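# No letters, just coordinates:
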């Protein structure tokens, strides 16, 4: 098995140097070009003082150049820290400070964001590698080296000191309290997952893999290294097509994508847009999703239109490299009420359902979901307390990751999600938030939703945060009418608010605690 993530590119460059590695619009890099450029960048980083284990921040849109940087950081024996160019400058500064990084790779397309970042209080002085063209766009920024400088450096491989158990990356995500938390992973963690995924999904050099996830999301690692480990072409989704739309469907079709992975909300929205025709995407072989559970109605829609495609749900988060469990839907759901399981553990992992005594819960009994195995993160960067809480040692079981989700094991041996734990008792009647959300997800006008409760004059009000498919598409009155046909009247929320986007946790699932906090902070309106 490959020990280091970048070794896959080196091996493919030696075998098939001219084969296309990565594509974005008219930009293409072969495996040979990717290898040479990343070797040159690694040498530039080392010549500018980067030492083993140094954190190098990357502030670039997803692009072939960004992947050159990712590989160059690894080859310089450094730690990859991707920053989201869409994040506020204060958030970027917090990530840089928390990572204790003094190195930043950036380019002209994010020059205004870099200037905002450098103006933030408490930021250390940064060595900036300015990439891309034209170089002069850096203006007065304190640039240490430019992309034009690296062309004179040797493109041959470096002798790396890093080994599989060394940290490969830190992925930062916001916590419910508003601070940033950095999830670490070793090369061995990601290699273990990708090696399983490559074999299970039968990835090979004929595949065209869509790169949809943002670089600071764990799912991007499957897109990138699933491609590189199999010699496939990685086709990066253009930034303007990131949101689900008929144009995104057109891009999948025109690019001849064979392997597609994204968040469940993208698939749910595409289904509602009717952007996919029967037997569409003739080259597409498999679809993967993670994050929130994909509504069975949306999955049925996809399976009805694309009977030639294999559909697989992934469950997990950056704390488990990419995912710890999976379920491939082998047959058409019998009805829209049929629940899609989380499934079983990915290779090298264990999926556990434990009771309050930390013993395996009996079949059919709800318990807490834990994951363990070779892809388990070492923990959170410079946060021993949070690491100990999330990754406890359990006698007789070992080190595990506490997901915070509830589930139960069925008689078929698969793990099924349980209600997310929220609900209210109203007299002798139960208000089930999960049931309300499932009903709302069937509404064509809704992209995603979360039902929570908030204090209101000594009682608890049922509140629905929802994202309309497009402006003016969904109204509280219309959604009340929709729900009235699907759930008992006492379950219809009394408070409604439209959101541009619902906050997500590191696993890509809706962070309901942050929904509640943001709603309270913004004012509890009576709509």
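Happy to help now that I have it. Given the structure is predicted, the values throughout are model-derived calculations rather than measurements. Numbers count the residues shown, from 1 in each chain.
# ok, and what's touching stretch 466-480?
The contact list for stretch 466-480 (CB atoms under 8 Å, 6 or more residues apart in numbering) reads 269, 272-273, 440, 443-450, 464, 492, 496-502, 527. Heads up, the C-betas are built off the backbone N, CA and C, glycines and all.
# can you tell me which of those are in strands?
The strands, defined by DSSP state E, take in 446, 447, 448, 449, 450, 464, 496, 497, 498 from the contacts of stretch 466-480.
# tell me the contacts of residue 500?
Residue 500 makes contact with residue 467 under the criterion CB under 8 Å, 6+ apart.
# I figured residue 495 hits residue 464, correct?
Yes: if you go by CB atoms under 8 Å, residue 495 and residue 464 touch, sitting 7.1 Å apart.
# More neighbours: the two, which one.
With neighbours defined as other CB atoms under 10 Å, residue 495 and residue 464 compare such that residue 464 has more, 25 against 19.
# Next, the contact list for the closest residue to that one other than its chain neighbours, please.
Excluding its sequence neighbours, the residue lying closest to residue 464 (CB to CB, 6 or more residues apart in numbering) is residue 493, at 4.0 Å. Contacts for residue 493 (CB under 8 Å, 6+ apart) come out as 436, 451, 462, 463, 464.
# And for the first one, the neighbour number?
The number of residues packed around residue 436, counting by other CB under 10 Å, is 22.
# and if you look at the one 3 residues further on?
Neighbour count of residue 439, defined by other CB under 10 Å: 21.
# any low-confidence regions in the stretch 251-400 of the chain?
Counting by pLDDT under 70, the stretch 251-400 of the chain contains no low-confidence segment.
# now the strands for it?
Along the stretch 251-400 of the chain, the stretches classed as strands by DSSP state E, counting those that start in this stretch are 259-263, 286-290, 310-315, 325-329, 344-345, 349-354, 367-373, 393-394, 398-399.
# Same list (the ones you listed) but as JSON lines, adding mean neighbour count and distance to residue 140.
Listed next are those as JSON lines, based on neighbours: other CB atoms under 10 Å; distance: least, CB to CB, whole Å:
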{"stretch": "strand 259-263", "mean neighbour count": "24", "distance to residue 140": "39"}
{"stretch": "strand 286-290", "mean neighbour count": "23", "distance to residue 140": "42"}
{"stretch": "strand 310-315", "mean neighbour count": "22", "distance to residue 140": "45"}
{"stretch": "strand 325-329", "mean neighbour count": "20", "distance to residue 140": "50"}
{"stretch": "strand 344-345", "mean neighbour count": "20", "distance to residue 140": "53"}
{"stretch": "strand 349-354", "mean neighbour count": "22", "distance to residue 140": "49"}
{"stretch": "strand 367-373", "mean neighbour count": "23", "distance to residue 140": "48"}
{"stretch": "strand 393-394", "mean neighbour count": "12", "distance to residue 140": "51"}
{"stretch": "strand 398-399", "mean neighbour count": "12", "distance to residue 140": "49"}
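# got those as TSV, with distance to residue 520 columns?
Below are those laid out as TSV (distance: least, CB to CB, whole Å):
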stretch	distance to residue 520
strand 259-263	26
strand 286-290	29
strand 310-315	30
strand 325-329	33
strand 344-345	38
strand 349-354	32
strand 367-373	27
strand 393-394	35
strand 398-399	36
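# closest to residue 90 out of those strands?
Among the strands of the stretch 251-400 of the chain, strand 259-263 comes nearest to residue 90, with 25.4 Å by CB to CB.
# Fine, thanks again, bye for now.
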